[in-house]
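> next one to model:
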Amino acid sequence: MRFGDVAKNEYICSTIVWVLNRKGMKYADYIERIEIDSLWSGRRHVVWELDRRVNILSGINGVGKSTILNKVVKSVEKNGDIVNHLLKGVHVTACPADATHIRFDVIRSFDRPLVNADTISRMDMSLATELDWQLYKLQRKYLDYQVNIGNRIIEELQKGDLQAAQKYSAAKTKFQDLVDDFFKDTGKTIVRTENEIRFSQINETLVPYQLSSGEKQMLVILLTVLVEDGLPYVLFMDEPEVSLHIEWQQRLINTILELNPNVQIILTTHSPAVIMDGWMDHVTEVSDITDE
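Numbers count the residues shown, from 1 in each chain. Down below sits the predicted model:
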């Protein structure tokens, strides 16, 4: 049986959905509630009702912000399986209620030297820190993202739908515009004619590993959001403000939501600047969600 291009694509999509349903896989739009039993050897319990968009966990050092975040991350497997039964005491309630998987990413703030730097150097890569390694992996995802977007644009152009084709390219353009805006004070602009991320600064071409720690951190965040391709997913961030200029901290949440309105943000922070731009009501103190 022969199919036209559109019919063939619809057939492939329906087949994929059928296979996923057969496997019992259904992706959540966001997390509604987090419960953690017996945190810190049974001394405290956590019940946290989450907002669809932005959730900010605050508190002094040592009260368990990162511990709570890490417990939740560990309650899902690397492929996004919601496997609460495998990690005793952690219960994640997702929406819709019958979801079995979540798409998620984790961003941390530290920029330590690479533990396996010798291995990296033998691979002939100029990577020195963990942020460099994150950028390297994100570059691979960025290339895959561009291929997928390119295929969709070609498909829409073949159908004569110029507006749909432009819609698919809009997110990448938005990402490039945001990067240029954040880096404008240093004169860096992203090179838009290359597939891999490069920067131009005073007639010199720079690779991402030559950026400052703050620039690398912002680029990691923006790339992570972009390559999720507009899908609903959860972005966990543990003190992402470290190394970021105060103005960048203030713009952080709105910038992420601008790049992907379907993301749910769950973050820990010590910085008042992160919540200054209208997010005060989304702050939860650790003491408010824990009981003895």
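> I figured residue 206 hits residue 198, correct?
Yes: the criterion here is CB atoms under 8 Å, and residue 206 meets it with residue 198 at 6.8 Å. For the C-beta atoms, the positions are set from N, CA and C on the backbone; glycine is no exception.
> quick one: average pLDDT of the longest strand along the chain?
Longest strand of the chain, by residue count under DSSP state E: strand 30-38. Strand 30-38 carries an average pLDDT of 90.
> for stretch 67-76, same thing?
86.
> likewise for stretch 179-191?
Per-residue pLDDT values over stretch 179-191 give a mean of 96.
> can you tell me what sits against it?
Residues outside stretch 179-191 that contact it (CB atoms under 8 Å, 6 or more residues apart in numbering): 176, 197-202, 205-206, 211, 215, 218-219, 222, 248, 251.
> buried subset of those residues, written for ChimeraX?
The following ChimeraX command selects only the buried members of the contacts of stretch 179-191, with burial defined by 16 or more other CB atoms under 10 Å:
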select :176,197,199,211,215,218,219,222,248,251
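> among the contacts of stretch 179-191, which are located in helices?
176, 215, 218-219, 222, 248, 251 (DSSP state H).
> dump the residues you listed to TSV, plus pLDDT and distance to residue 132.
Below are these laid out as TSV (pLDDT from 0 to 100; distance: CB to CB, whole Å):
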residue	pLDDT	distance to residue 132
176	97	21
215	95	12
218	96	14
219	97	11
222	97	16
248	96	19
251	96	24
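> nearest residue to residue 134 other than its sequence neighbours?
Closest residue to residue 134 apart from its sequence neighbours, by CB to CB, 6 or more residues apart in numbering: residue 220 at 5.2 Å.
> surely the one you found meets residue 107?
Yes: with contacts counted by CB under 8 Å, residue 220 reaches residue 107, the gap being 6.4 Å.
> any regions of this protein where pLDDT drops low?
Filtered on pLDDT under 70, the chain yields the residue ranges 1-24, 40-43, 62, 83-88, 109-126, 292.
> per the annotation, how does it divide into domains?
Per the record, the chain has its domains at 24-103+234-292, 114-230, by automatic domain parsing.
> highest mean neighbour count out of those?
Comparing the domains of the chain by mean neighbour count (mean count of other CB atoms under 10 Å), domain 24-103+234-292 comes out on top with a mean of 17.
> how distant is stretch 28-46 from the center of its chain?
Offset of stretch 28-46 from its chain centre (CA atoms, centre = their mean, to the nearest Å): 22 Å.
> again but with stretch 204-221, I slipped
In terms of CA atoms, centre = their mean, the centre of stretch 204-221 is set 17 Å apart from its chain centre.
> again with stretch 182-193
Distance, stretch centre to chain centre, for stretch 182-193: 22 Å (CA atoms, centre = their mean).
> repeat for stretch 262-271
10 Å.
> what's the closest non-adjacent residue to residue 104?
Nearest to residue 104 is residue 234, by CB to CB, 6+ apart, at 4.3 Å.
> and that neighbour, its phi and psi?
Note on residue 234: backbone dihedrals following degrees, to the nearest 10 are phi -110, psi 130.
> please export the C-alpha coordinates of the host helix or strand of residue 56 as CSV.
Element membership for residue 56 (DSSP states H and E) is strand 54-58. Backbone C-alpha positions of strand 54-58 (Å, rounded to 0.1, in the frame of the first residue of the first chain) are rendered in CSV as follows:
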residue,chain,number,x,y,z
VAL,A,54,7.3,28.2,38.9
ASN,A,55,8.3,26.8,42.3
ILE,A,56,11.1,28.4,44.4
LEU,A,57,12.4,26.6,47.5
SER,A,58,14.2,28.9,50.0
